[in-house]
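Colleague: next one to model:
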Amino acid sequence: MSTSSPARHRGTPAGRKPGTVAFASYIGTTIEWYDFFIYGVAATLVFRVQFFPGFSDLAGTLAALGTFAVGFIARPLGGMVMGHFGDRIGRKSMLVVSLLMMGSATTLIGLIPTYDSIGIWAPILLIVLRLVQGAGVGGEWAGAVLMAVENAPAKRRSLYGCFPQLGLPSGILLSQLAFLLLTEVMSPEDFAAWGWRLAFLTSAVLIVVGLVIRLRIEESDEFNTVREAGQIEKLPVVEVFRRNPMQILIGSLASIAAPAIGYLVSVYMVSYGAATLKLPTSTMLWILVSVSVAWLLMMLAAGLAGDRFGRKATFAVGAAVGVVWAFPLFWLVDTGSIALIVVGLLGITVANSIMAGTQPALITQMFPVRLRYSGSTISYTIASILGGGITPLLATALFADFGSSAAVSVLVAVVCLISLAAVLCANRRILYAEEPASAPAMVKPAHPLAEGSAG
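Modeller: Below is the predicted model:
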């Protein structure tokens, strides 16, 4: 890839400066993850009653979480479509499209009548809009991280690449605060009846903010170089499967653990704390707020570590921490002690932060620029389905079947082992895509032990 220097960026338009682009990517992904996660919180708190009233508590919870998982089904389709056009016409336009899709669907969810009003059409509409959300977020991640990574200085790709990832804990933080505020200022009856809708309708305002920011940024030099050289592929999604199958396999498997942990903490733990530990919902939300703040700081540190010690090595450490901490997590959470719950969740979010902080630069640089949007999106969406989409649902079912949190710990350990094994199998040829001579040159690390450390 092309190198970057402070001198270069002094003459760069504001819409292409690394800091500006990274901040825009962060704000946009924060808004989109807010949209995505308020659905998850509402699924555990409200949707069981409002949209599946005839079900038992367990069946209703599984049904509500099932609609949460449905959003992941649409991710590959949305990701492939946006990956195709992102590699053909540009990253920026797809980021605008994804933001509009996510925001519009979220706002409309806040307007859906309940089952008592329109019967079976209520859950049907909920599922349709959830599919739109999934399609929108399917192309979001790759576009945001590519804008950040491709505009970053060569030796700071992990740091700048982690900014879109900061949108994950930030989105969780905003979604928890939104529900905390609503549950504090209104009665449980009013919140369940109509108050929860306000969190979804707020998305209409956030769409405007996100669009203003995203429309100000410009395409990266790397994509423009490929486009000007006439290297745009006609069918990038097809070509990336043909030319980079191992990168897709390794990238997908390596990316499983981070979303699995993220959704376990942000979605499943709310339900687990209320139903199993008998803690007030507001208590669990406040715990997640405190954890999310630390999550942000840890992810930034992981981005710095990826540039300093190498992305592959740093990512592997995060996956190993996830394996080791899988059982202590629930040992601490099951005590019911607020302080120990926080410690347990902080430990597992350390694992998530280390992996997620280095993941953007690690995965995106496996693919050549002309196929990068497609390859990155496919890898990420496959991992999100296998790791994130089914984790809250599977964790709920495992706990109900075995009656023990140990089964959920095994689930966490297994997904982290998968990611650890995948990244350890990634050699230099897989980690660094080869570009045609006329495309931007790759910058590779000089020392084998630093593999993955340079841009």
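Colleague: please point out which parts of the helix or strand hosting residue 123 sit buried.
Modeller: Element membership for residue 123 (DSSP states H and E) is helix 121-138. Neighbour-count burial for helix 121-138, counted by 16 or more other C-beta atoms under 10 Å, picks out 122-123, 125-126, 128-138. In this view, the C-beta of every residue, glycine as well, is placed from N, C-alpha and C.
Colleague: and stretch 175-189, by the same measure?
Modeller: In stretch 175-189, counting by 16+ other C-beta under 10 Å, buried: 175-180, 182-183, 186.
Colleague: report the distance from it to the chain centre.
Modeller: 24 Å (C-alpha atoms, centre = their mean, to the nearest Å).
Colleague: okay, now residue 216: neighbour count?
Modeller: By other C-beta atoms under 10 Å, the residues close to residue 216 number 13.
Colleague: how about it, secondary structure?
Modeller: coil (DSSP: H, G, I helix; E, B strand; the rest coil).
Colleague: from residue 23, how far out is it?
Modeller: Distance, residue 216 to residue 23, using C-beta to C-beta, to the nearest Å: 11 Å.
Colleague: dihedrals phi and psi, the residue most central in space within the chain?
Modeller: The centroid of the chain falls nearest to residue 168 when counting by C-alpha atoms, centre = their mean (5.6 Å). Dihedral angles of residue 168 (phi, psi; degrees, to the nearest 10) stand at phi -60, psi -60.
Colleague: so it makes contact with residue 356?
Modeller: Yes. Using C-beta atoms under 8 Å, residue 168 makes contact with residue 356 at a distance of 6.7 Å.
Colleague: got the phi and psi for the closest residue to residue 375 other than its chain neighbours?
Modeller: Spatially, and ignoring its direct neighbours in sequence, residue 375 is nearest to residue 367 (3.5 Å; C-beta to C-beta, 6 or more residues apart in numbering). Backbone torsions for residue 367, taken as degrees, to the nearest 10, come to phi -120, psi 140.
Colleague: contacts only, for residue 367.
Modeller: 240, 244, 247, 374-376, 433 (C-beta atoms under 8 Å, 6 or more residues apart in numbering).
Colleague: so which of the residues you listed is the closest to residue 426?
Modeller: For the contacts of residue 367, the minimum distance to residue 426 (C-beta to C-beta) is 8.7 Å, reached by residue 247.
Colleague: helix/strand/coil for the closest one?
Modeller: Assigned with three-state DSSP, residue 247 falls in the helix class.
Colleague: how about it: what's its closest non-neighbour residue?
Modeller: Among residues not flanking residue 247 along the chain, residue 366 sits closest, at 4.1 Å (C-beta to C-beta, 6+ apart).
Colleague: so which strand or helix has residue 357?
Modeller: helix 338-364.
Colleague: give me the mean pLDDT for that helix.
Modeller: With pLDDT averaged residue by residue, helix 338-364 scores 93.
Colleague: next, the angle from the helix or strand just after it to helix 121-138.
Modeller: Using DSSP H and E, the helix or strand that follows helix 338-364 towards the C-terminus is helix 372-383. Helix 372-383 runs at 140 degrees relative to helix 121-138, counting by axes from the mean of the first three to the mean of the last three C-alpha atoms, to 10 degrees.
Colleague: distance from helix 372-383 to the middle of the chain?
Modeller: In terms of C-alpha atoms, centre = their mean, the centre of helix 372-383 is found 12 Å from the chain centre.
Colleague: got the contact list for the helix or strand just after it?
Modeller: Where DSSP H and E defines the elements, the next helix or strand beyond helix 372-383 is helix 391-402. Contact with helix 391-402 is made by 40, 58, 61-62, 65-66, 68-69, 259-260, 263-264, 267-268, 271-272, 276, 405, 407-408, 411, 415, as judged by C-beta under 8 Å, 6+ apart.
Colleague: residues of helix 391-402 that come out buried?
Modeller: When burial is assessed from 16+ other C-beta under 10 Å, helix 391-402 yields the following buried residues: 391-399.
Colleague: from those, pick the one nearest residue 202.
Modeller: residue 392 (23.1 Å).
Colleague: against which helices or strands is the one helix or strand residue 205 maps to packed?
Modeller: Per DSSP H and E, residue 205 falls inside helix 203-214. Judged by 3 or more C-beta pairs under 8 Å, 6 or more residues apart in numbering; DSSP states H and E, helix 203-214 is in contact with helix 18-42, helix 91-109.
Colleague: okay if I get the ones you listed as a markdown table plus distance to residue 289 and mean neighbour count?
Modeller: Supplementary listing: the helices and strands packed on helix 203-214 in a markdown table, determined by distance: least, C-beta to C-beta, whole Å; neighbours: other C-beta atoms under 10 Å:
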| stretch | distance to residue 289 | mean neighbour count |
| --- | --- | --- |
| helix 18-42 | 12 | 25 |
| helix 91-109 | 20 | 23 |
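Colleague: out of the ones you listed, which gets the lowest mean score?
Modeller: The weakest mean pLDDT among those belongs to helix 18-42, with a mean of 80.
Colleague: going by contacts, tell me the helices and strands next to that one.
Modeller: With contacts taken as 3+ C-beta pairs under 8 Å, 6+ apart, helix 18-42 sits against helix 57-88, helix 91-109, helix 121-138, helix 140-150, helix 157-185, helix 196-201, helix 203-214.
Colleague: turn those helices into CSV, columns for distance to residue 314.
Modeller: Converted to CSV, the helices and strands packed on helix 18-42 look like this (distance: least, C-beta to C-beta, whole Å):
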stretch, distance to residue 314
helix 57-88, 25
helix 91-109, 25
helix 121-138, 25
helix 140-150, 16
helix 157-185, 8
helix 196-201, 35
helix 203-214, 29
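Colleague: residue 35 is nearest to which of these?
Modeller: helix 91-109 (4.0 Å).
Colleague: got the angle between that closest one and helix 203-214?
Modeller: On the basis of the same axes, to 10 degrees, helix 91-109 is oriented at 170 degrees to helix 203-214.
Colleague: how close does residue 192 get to residue 31?
Modeller: Taking C-beta to C-beta, one finds residue 192 at 26 Å from residue 31.
Colleague: what of residue 405?
Modeller: Relative to residue 31, residue 405 is positioned 33 Å away (C-beta to C-beta).
Colleague: one more: residue 322?
Modeller: 28 Å.
Colleague: over to residue 386?
Modeller: Relative to residue 31, and taking C-beta to C-beta, residue 386 is found at 25 Å.
Colleague: do the same with residue 343
Modeller: Distance, residue 343 to residue 31, by C-beta to C-beta: 30 Å.
Colleague: also residue 197?
Modeller: Distance, residue 197 to residue 31, using C-beta to C-beta: 18 Å.
Colleague: residue 139 now?
Modeller: Counting by C-beta to C-beta, the gap from residue 139 to residue 31 is 15 Å.
Colleague: for residue 86, same thing?
Modeller: Taking C-beta to C-beta, one finds residue 86 at 19 Å from residue 31.
Colleague: what sits against residue 321?
Modeller: Under the criterion of C-beta under 8 Å, 6+ apart, the contact list for residue 321 reads 347, 350-351, 354.
Colleague: what's the helix or strand hosting residue 242 packed up against?
Modeller: Assigned by DSSP H and E, residue 242 belongs to helix 236-243. Under the contact definition 3+ C-beta pairs under 8 Å, 6+ apart, helix 236-243 sits against helix 57-88, helix 372-383.
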